[in-house]
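J.: compute the structure for the input listed below.
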Amino acid sequence: MPYNLLDSSGWIEVITGGEERAQFETVAKDVENILVSTVVVVEVGRFILRKANQALADLASTSMSEGIVVGLDLELAERAVRCGLEYGLPITDSIIYATALAHDATLWTMDEHFEKLPKVKYIKPRKKKTK
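T.: Here you go, the predicted model:
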């Protein structure tokens, strides 16, 4: 079965019960085929600690650690450099995308930076309701 990689936006939806949770939950629960970039662990942890609490941050870390955790090594860093330049991605996004490409994984995201790139499943966020 092919690998998938959730970016930070997908994990945040799953962990916090966001509106798009259902779009990402099945992928997140397939722990044998989900890649977890360590940079995503950092982004999700920081977001949750700012917006919620340590208990939810711990839950997020535990959930993500059930997948296949992929750290940044020299080869992946060099690939991220090329991805960043080729696709105009910020540093963190270039690491996430390079991780997905290095493992022939589909990247699941709500981040517009990735919307039109190959091997990306882009989920358009619902518009915020106006009062």
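J.: which residues touch the nearest residue to V69 once chain neighbours are set aside?
T.: In space, V69 comes closest to V36 once its chain neighbours are excluded; the distance is 4.9 Å by Cβ to Cβ, 6 or more residues apart in numbering. Heads up, the C-betas are built off the backbone N, CA and C, glycines and all. Residues counted as contacts of V36 (Cβ atoms under 8 Å, 6 or more residues apart in numbering) are 5-6, 64-65, 67-70.
J.: what's the most distant pair in the residues you listed?
T.: By the measure Cβ to Cβ, L5 and S65 form the most distant pair in those, at 14.7 Å.
J.: and the residue nearest to T38 when sequence neighbours are not counted, how many residues sit next to it?
T.: In this structure, T38 finds its nearest non-sequential neighbour in G71, 4.8 Å apart by Cβ to Cβ, 6+ apart. By other Cβ atoms under 10 Å, the residues close to G71 number 11.
J.: quick one, which of the contacts of V36 are buried?
T.: Buried by 16 or more other Cβ atoms under 10 Å: 5-6, 64, 67, 70, out of the contacts of V36.
J.: tell me where the protein has helices.
T.: Secondary structure of the chain (DSSP state H): helices located at 8-16, 21-29, 38-51, 54-65, 74-87, 91-102.
J.: between helix 21-29 and the fourth one, find me the angle.
T.: If you take axes from the mean of the first three to the mean of the last three Cα atoms, to 10 degrees, helix 54-65 sits at 60 degrees to helix 21-29.
J.: what about the closest residue in space to L6 that isn't next to it in sequence, how many residues nearby?
T.: Computed as Cβ to Cβ, 6+ apart, the closest residue to L6 that is not its neighbour in sequence is W108, at 5.0 Å. Number of residues near W108 (other Cβ under 10 Å) recorded here: 24.
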